[in-house]
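Q: I'll drop the sequence and a predicted model, then ask my questions.
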Amino acid sequence: MKTLLNADDKAEIVRRIGMVGPASQRRWGTMTALQMICHLSDAFRVTLGDKSAKPIKNRYSSWPMKGLALWFPRPWPHGVPTVPECDAQKGGTPPAEFERDRSQLLELIDRFTKQPSALEQKAHPFFGPMTEKEWMRWGYLHADHHLRQFGACERNAGCRAVGRGFIPGLPLPPCRIVAADAACRPHLSCASPSTPRTVLENLECRRRQKSKAASPLHRSDHDRA
């Protein structure tokens with residue numbers, strides 16, 4: 001399980017933050033790339049005590065939902081609202097200058113991961129009190145979620161859409177992927193440039209290929225119609 005306690009995992013997040021630019025396009029949600037950088041910074045500020053946020057009682061505040069959110073090996077769902085204090089469109093920090101805002105985020109990550117840590121049993125606005133191990137897991141997952149939102153996928157791991165999230169590290173069918181943001185293109189397979197397909201179309205292509213292979217007669221969809 002990836003965590004900001006691991007130096008390699010932290011370096012990955014830092015590298016992916018560098019892949020995001022002011023013009024990066026979101027895959028879901030309403031935030032701009034500039035607002036996303038400020039949102040991540042505000043989340044770390046709340047954790048470090050630089051900013052206060054009112055706790056919100058919800059289904060993720062206790063087990064088993066908190067455990068599933070932190071340790072179940074699936075991407076976080078889209079559309080979960082944040083606290084107003086971390087929302088750049090409400091009470092959060094508004095974007096100023098992109099490079100400065102990004103530099104502040106990187107400094108906050110360094111402070112968050114600095115040892116010895118004072119995070120043990122500190123309360124998260126959604127998850128409630130958490131151990132240092134849980135905080136470092138949250139730090140990775142939260143950053144990963146929003147970096148995927150803007151196409152900054154894990155380097156050389158590959159990304160594919162599954163339902164409302166992404167799964168890293170799984171191979172894609174040999175079809176060209178049309179990425180919404182150039183930041184994700186180096187990590188996607190483009191074996192057939194003459195056959196452009198979206199990610200979801202690739203998954204449908206693979207599903208049909210598997211279905212055909214499982215058929216004893218290997219009939220095509222047209223033959224079965």
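A: The structure has been received and is ready for your questions. Residues are numbered from 1 along each chain as shown.

Q: Packing partners of the top helix by length along the chain?
A: In terms of residue count, the longest helix belonging to the chain (DSSP state H) is helix 132-149. Packing partners of helix 132-149 (3 or more C-beta pairs under 8 Å, 6 or more residues apart in numbering; DSSP states H and E): helix 7-17, helix 33-48, helix 65-71, helix 98-113, strand 122-124. To be clear about C-beta, it is placed using only N, CA and C from the backbone, and glycine gets the same treatment.

Q: Could you tell me the per-residue confidence at the residue lying closest to residue 71 once chain neighbours are set aside?
A: Spatial nearest neighbour of residue 71, chain neighbours left out: residue 1 (6.5 Å); criterion: C-beta to C-beta, 6 or more residues apart in numbering. Residue 1 carries a pLDDT value of 91.

Q: With residue 10 instead?
A: Predicted confidence (pLDDT) at residue 10: the value is 97.

Q: can you tell me which residues contact the closest residue to it other than its chain neighbours?
A: Residue nearest to residue 10 in three dimensions, not counting chain neighbours: residue 4, with 5.0 Å by C-beta to C-beta, 6+ apart. Contacts of residue 4 were listed using C-beta atoms under 8 Å, 6 or more residues apart in numbering, and they are 10, 13, 109, 112-113, 136-137, 139-140.

Q: Then residue 36?
A: Residue 36 sits next to 20, 26, 146, 149-150 when contact means C-beta under 8 Å, 6+ apart.

Q: Could you rerun that using 6 Å?
A: Shown here is residue 36, whose contacts under the criterion C-beta atoms under 6 Å, 6 or more residues apart in numbering are residue 146.

Q: how close does it sit to residue 122?
A: According to C-beta to C-beta, to the nearest Å, residue 36 and residue 122 sit 24 Å apart.

Q: hang on, the earlier thing: angle of the longest helix of the chain against helix 33-48?
A: With axes from the mean of the first three to the mean of the last three C-alpha atoms, to 10 degrees applied, the angle from helix 132-149 to helix 33-48 works out at 170 degrees.
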